[in-house]
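In: model the following, please.
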Amino acid sequence: MPTRVTMMLKDDASYNKYKGEVLSGGGQMIHDYEGLLGFTADLPEQLFSELQSTSSVTGGDILSFEPDSVVTIQNQ
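Out: Down below sits the predicted model:
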């Protein structure tokens, strides 16, 4: 089952690199935030694990790697 994540990258080169990796690794782009150097994508579990290990915590180019969620500003 794919995992939907939002990724924010350090720079243009990182953005293009990881967008390419997501697409070539079987992921599907959901939202593209090119101007903000990020995107939301559905990732296969294998790719999710690989990308998670390259987060900025381990010195990679990924600034933020978070599960996608719904955010509201009003009580429902």
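
In: quick check: the gap between Met8 and Gln74.
Out: Going from Met8 to Gln74 by C-beta to C-beta, to the nearest Å gives 26 Å. To be clear about C-beta, it is placed using only N, CA and C from the backbone, and glycine gets the same treatment.

In: which of the two has more neighbours?
Out: More crowded of Met8 and Gln74, by other C-beta atoms under 10 Å: Met8, with 17 against 4.

In: list the contacts of the more buried one.
Out: Residues near Met8 by C-beta atoms under 8 Å, 6 or more residues apart in numbering: 33, 36-38, 62-64.

In: which pLDDT does the model give it?
Out: On pLDDT, Met8 comes in at 91.

In: where's it, which helix or strand?
Out: Using DSSP states H and E, the element containing Met8 is strand 3-9.

In: does Asp32 touch Phe39 like I think?
Out: Yes. Using C-beta atoms under 8 Å, Asp32 is in contact with Phe39, at 4.9 Å.

In: identify the contacts common to these two.
Out: Joint contacts of Asp32 and Phe39 (C-beta under 8 Å, 6+ apart) are Lys19.

In: wouldn't Met1 be in contact with Asp42 here?
Out: No. Between Met1 and Asp42 there is no contact under C-beta under 8 Å: 9.4 Å.

In: when the two are compared, which one has more neighbours?
Out: Neighbours per residue, other C-beta under 10 Å: of Met1 and Asp42, the larger number sits with Asp42, 18 against 5.

In: now do the helices in the chain.
Out: Per DSSP state H, the chain has helices spanning 12-24, 45-52. These are given in chain order.

In: where does Gln76 land on pLDDT?
Out: 63.

In: that older thread, quick one, which of Asp32 and Phe39 is more surrounded?
Out: Phe39 (21 against 13).

In: which intervals of the chain have sub-threshold pLDDT?
Out: Applying pLDDT under 70 to the chain flags residues 55-59, 76.

In: one more time with 80
Out: Residues of the chain that meet the criterion pLDDT under 80 lie in 1-2, 52-60, 75-76.
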